[in-house]
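Trainee: what follows is a protein structure lacking sequence information:
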């Protein structure tokens, strides 16, 4: 998909940014992370899966049970079929992957999900079901400290109280993050 769909083009651009960042003297090439909210949360999930050079990823206000989020209208969240967000419909995605499948491709690298209970973009009860599957992947490998969920009481927003320390921990020189 890289370069062939809207999200593929976005991923390609970010891969080129990582190429550039790794050329900078002031950047530690093995300690680059990605943090995105909303559309950026979608991007974070997908770029974390395909860009092995990212040492840590935070996906905010996006991770969910993908099928209902896309096509099932509900008062508790906004289904994408009820919006103009047609760029979120990735060909064959639902027949092949759910969000947890994509997140599992980030493993063993550190991954944090962030969402607000008052956010109508992510229905937190569906998020919890999907997160359990990702958490199980990390637990089976004995690296459960590398995955996390910050389900805060806010809305469609970043809650830096957990995410910033998470990134700080995993992007420091002595973090133990495997070099890519």
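Mentor: Structure's in. What do you need? Everything numeric here is computed off the predicted structure, so don't read it as measured data.

Trainee: contacts and neighbour counts: CA atoms only from here.
Mentor: Noted.

Trainee: contacts for the helix or strand of the chain with the lowest mean pLDDT?
Mentor: Across the helices and strands of the chain, mean confidence by mean pLDDT, DSSP states H and E is lowest for helix 93-96: a mean of 78. Applying Cα atoms under 8 Å, 6 or more residues apart in numbering, the external contacts of helix 93-96 come out as 66-67.

Trainee: report the contact partners of residue 58.
Mentor: Residue 58 makes contact with 34-36, 41, 44-45, 111-114, 163, 167, according to Cα under 8 Å, 6+ apart.

Trainee: next structured bit after the least confident helix or strand of the chain?
Mentor: helix 99-104 (DSSP states H and E).

Trainee: tell me the buried residues in that following helix?
Mentor: Of the residues in helix 99-104, those buried under the neighbour-count criterion (16 or more other Cα atoms under 10 Å) are 99-100, 102-104.

Trainee: adding distance to residue 23 and pLDDT, write those residues out as TSV.
Mentor: Converted to TSV, the buried residues of helix 99-104 look like this (distance: Cα to Cα, whole Å; pLDDT from 0 to 100):
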residue	distance to residue 23	pLDDT
99	32	95
100	32	97
102	28	96
103	28	98
104	29	97
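
Trainee: residue 8: which of those residues is nearest?
Mentor: residue 102 (14.1 Å; Cα to Cα).

Trainee: so that closest one touches residue 46, yeah?
Mentor: Yes - when contacts are counted by Cα atoms under 8 Å, residue 102 is listed as touching residue 46 (6.8 Å).

Trainee: re earlier: so for the least confident helix or strand of the chain, what gets flagged as buried?
Mentor: Buried-residue list, helix 93-96, by 16+ other Cα under 10 Å: empty.

Trainee: cool, stretch 116-129 as well?
Mentor: By neighbour count, and taking 16+ other Cα under 10 Å as the criterion, the buried residues in stretch 116-129 are 116-124, 127.
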